[in-house]
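A.B. asks: Just to be clear, the model below is a prediction. Sequence and coordinates:
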Amino acid sequence: QAHLRESGGGSVQAGGSLRLSCAATEKIFRPNAMGWYRQTPGQKRELVAAISKGGVPEYADYVQGRFTISRDNAKNTLYLQMNSLKPEDTATYYCAALSADYAGRYSPGGYWGRGTQVTVSS
């Protein structure tokens, strides 16, 4: 069973927008903070945006002001609205459940989607 399933990726020109969605099973979604990671070939997967169970968002500096993460707890769905896209945003984007340490720092919680490709052309 796929606990997390991303959709909404595609190809856009620089300056364009995309909205990613991640449909989750309730048992994974409801009790967890959730996040979006991205990865390019040969690079580590990096956390782009996170949102707590209560809806408090956090962003990597390089997407602050351009991306918006949100969650719909009634639909068990996570979103990432990406505006003002740049070629350097090109990557495979993954949805993940997150764990938080005592200081509130997030790390992968063991559940990943298969990813959705985002390609931004200049």
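C.D. replies: That came through, no problem.

A.B. asks: Residues in contact with the helix or strand harbouring Cys22: which ones?
C.D. replies: Cys22 belongs to strand 18-24 when assigned by DSSP states H and E. By CB atoms under 8 Å, 6 or more residues apart in numbering, the surrounding residues in contact with strand 18-24 are 3-10, 12, 34, 36, 75-82, 85, 93, 95, 97, 113, 116, 118. Every residue, glycine included, has its C-beta placed from N, CA and C.

A.B. asks: Show me what counts as buried in that strand.
C.D. replies: Of all the residues in strand 18-24, those buried under the rule 16 or more other CB atoms under 10 Å are 18, 20-24.

A.B. asks: what's the most distant pair in these?
C.D. replies: Checking the buried residues of strand 18-24 against each other with CB to CB, the farthest-apart pair comes out as Leu18 and Ala24, at 19.3 Å.

A.B. asks: who touches the residue nearest to the spatial centre of the chain in this structure?
C.D. replies: The residue lying closest to the centre of the chain (CA atoms, centre = their mean) is Trp36, at 1.9 Å. Contacts were defined as CB under 8 Å, 6+ apart; by that measure Trp36 touches 20, 22, 47-50, 69, 78, 80, 93-96.

A.B. asks: Just the closest of these to Gly104, please.
C.D. replies: Ala50 (10.0 Å).

A.B. asks: list the buried ones in the host helix or strand of the closest one?
C.D. replies: For Ala50, the element it lies in under DSSP H and E is strand 46-51. Within strand 46-51, the residues that count as buried by 16+ other CB under 10 Å are 47-51.

A.B. asks: Many thanks, I have nothing further to ask.
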